[in-house]
Structures are given as C-alpha cells and as structure tokens.
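*Asks:* with the sequence up front, the predicted model follows.
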Amino acid sequence: MNSSTIDMQTPSDFFRYRNVMLRIFLAILIALTLLSAWHTELKVGTFFTALPRVASWIFAHVVPDAAAWSRFPSMLEKLVETIFLSIMATTTAAVTAFLFAIMGSQCTRINGFFAIASRAVASVSRNIPIAAWALIFLVTFGMSAFTGYLALFFASFGFLTRAFIETIDEASDSQVEALRATGASYPHIIAQAVIPASIPQMISWVLYMVETNIRDATLVGLLTGSGIGFLFDLYYKTQQYKSASLVVILLVIVVMTIEFLSNHVRRKIL
C-alpha cells in the first residue's frame with residue numbers, strides 16, 4: 001500500500017488544527033460580543049465614569065439606618081419563613097426526584113416506557129424557569145406561601161431528578177450488576193446497592209439545592225407575595241432603600257452561612 005495515500009495526522013498537525021479552531025471560536029465570540037454591545041447600546045465606559053456617583057448614592061441611601069433596624073424583627077420572621085419554605089420544597093422534591101430517578105436510571109429502570117416518561121417529566125420541569133412556575137401557580141392559587149412552595153418544588157424536582165439519575169448511573173452500576181447476577185430482588189437491589197452507593201452524592205446535591213432555593217425564594221417572593229422577597233419588594237417600591245438594603249445584607253449572611261455549613265457536611269460525607 002502506498003503510504004502517500006494514507007491520511008495520517010501527526011501530533012503537531014493535530015495541535016495546529018486545534019489552535020486554528022480555537023482562534024476561530026474566539027474571533028466569533030468577540031464579534032458576537034461587540035455585536036451584542038452595539039445592538040443593546042451598551043456603553044461599558046459609562047459604567048466606570050459613573051462609579052463615583054454610584055458609590056456616593058449607595059452610602060447616602062442604602063446603608064441601613066435606625067428606622068431600617070427597627071424593622072429587623074419582621075425581616076427576621078420573613079427570613080425564617082423563607083428558609084423553612086426552601087428546605088421543605090427541597091426535601092419533598094428530593095424524595096419525589098429519587099423515585100423518578102430510580103425509574104429513569106439506565107441500571108435501575110423498570111422498563112423503557114417508565115424510563116423515558118420519568119426523564120421527559122424531569123426535563124420539562126427543569127427547563128421551565130422558576131419565575132414561570134411562580135406565575136403559573138399564581139394564577140391558580142393566588143399570592144401565598146403555598147404558591148412559592150410549588151414553584152420551588154417543581155424547579156427543584158427537575159434539577160434533582162437529572163442529578164440523581166446521573167449519580168445512580170455512575171455510582172451504582174457495578175453493584176447493581178453484581179446483585180442481579182446473584183438473583184437479588186428489585187427492592188433488595190435498591191436498598192443494598194443503589195442507596196448506599198448514591199446517598200452521599202445525593203445529599204450533596206440536596207444541600208446545593210437548599211442554597212439555590214433560598215436565593216430563588218427571594219425572586220419567587222417578589223411574585224407570590226411571600227417570604228423575605230415580599231418585604232424587599234415592599235421596601236423597594238416605597239423607596240425605603242435603607243430597609244431594602246438590610247434585607248439584602250441578611251440574605252447574603254444567611255446564604256453564606258448555609259454554604260459554609262453545607263460545604264462542611266460535604267467534606268464529611270464525600
């Protein structure tokens with residue numbers, strides 16, 4: 001066979017091709033960025049020139065004062081409500097997601113129909129934004145904490161189902177095959193292989209979802225009139241910016257605290 005007819009790519013040719021493709025991608029990305037800035041009339045320079053005025057306005061209108069701190073008890077009450085709402089939505093969504101993940105996983109699915117159906121339901125739930133879920137349930141249930149719970153639940157359910165399916169497929173495949181080879185029953189496989197191998201990573205995903213839901217609950221509260229988001233919306237619309245800024249500060253502290261605790265738990269279980 002004539003060697004000249006064989007298309008062999010040397011390592012240098014491969015890296016040269018990859019560098020060319022990288023340059024093309026970066027050029028397209030820069031072009032799209034400039035086009036987007038032109039279309040949206042975004043002027044980055046204006047932001048930097050306005051920074052002194054923005055900083056001055058923040059110190060004058062956003063730093064909490066005595067009136068803002070006098071509202072601290074009501075803020076704390078709504079903040080606790082938001083935390084509990086987020087935890088409840090996450091945990092109930094996690095239980096539901098686990099059941100759907102069992103049916104949707106490649107190594108634990110009951111049959112092809114249930115696997116496709118569970119993945120489809122989770123995909124639809126995951127790809128609808130949480131704000132859209134809030135608006136959907138707002139029409140039916142009105143402005144209430146229950147509406148906020150449903151929005152957080154369905155958004156969490158879709159994400160956790162996808163995460164749990166991937167966790168089960170990665171962590172439990174070999175154990176499931178081993179138990180099947182011994183003739184173990186389906187419930188025994190779930191209890192002895194899937195749960196022990198997958199539960200640490202699943203707990204990690206649940207903790208991450210709690211963090212996310214506390215942040216999202218603020219946005220949901222703007223739409224559903226519940227939790228700390230309702231207070232922020234009230235203070236902002238009535239131009240009580242010092243009180244609104246205190247709400248933001250409390251949210252940042254809570255989210256950072258929960259992130260610290262969840263990271264500590266992750267290090268212990270993973």
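*Replies:* Nice, thanks for sending it over. Residues are numbered from 1 along each chain as shown.
*Asks:* flag every buried residue along the one helix or strand Met75 maps to.
*Replies:* Per DSSP states H and E: Met75 is located in helix 72-104. By neighbour count on 16 or more other CB atoms under 10 Å, the buried set for helix 72-104 is 75, 78-79, 81-83, 85-87, 89-90, 93-94, 96-98, 100-104. Bear in mind the C-beta positions are built from the backbone N, C-alpha and C, glycine included.
*Asks:* how about stretch 141-160?
*Replies:* Buried residues in stretch 141-160 (16+ other CB under 10 Å): 145, 147-160.
*Asks:* and if you look at stretch 128-139?
*Replies:* Those buried within stretch 128-139 under the rule 16+ other CB under 10 Å are Ile130, Trp133, Ala134, Phe137, Leu138.
*Asks:* and the third one, what does it touch?
*Replies:* Put plainly, it is Ala134. The contact partners of Ala134, taken as CB atoms under 8 Å, 6 or more residues apart in numbering, are Thr147, Gly148, Ala151, Leu219, Val220, Leu223, Thr224.
*Asks:* list just the nearest of these to Ala178.
*Replies:* Of all the contacts of Ala134, Ala151 has the smallest distance to Ala178: 41.2 Å, by CB to CB.
*Asks:* where's the closest one, which helix or strand?
*Replies:* Using DSSP H and E, the secondary-structure element containing Ala151 is helix 145-171.
*Asks:* quick check: angle from that helix to helix 72-104?
*Replies:* For helix 145-171 and helix 72-104, the angle between their directions (axes from the mean of the first three to the mean of the last three CA atoms, to 10 degrees) works out to 40 degrees.
*Asks:* and helix 145-171, how far out from the chain middle?
*Replies:* Per CA atoms, centre = their mean, to the nearest Å, the displacement of helix 145-171 from the mean C-alpha position of its chain is 9 Å.
*Asks:* neighbouring contacts of whichever helix or strand comes after it?
*Replies:* Past helix 145-171, heading to the C-terminal end, the next element that is a helix or strand (DSSP H and E) is helix 173-181. When contacts are defined by CB under 8 Å, 6+ apart, helix 173-181 is touched by residues Gln106, Cys107, Thr108, His188, Ile189, Gln192, Ala193, Val194, Ala197.
*Asks:* out of the helices and strands in the chain, which is least certain?
*Replies:* Lowest by mean pLDDT, DSSP states H and E among the helices and strands of the chain is helix 173-181, with a mean of 73.
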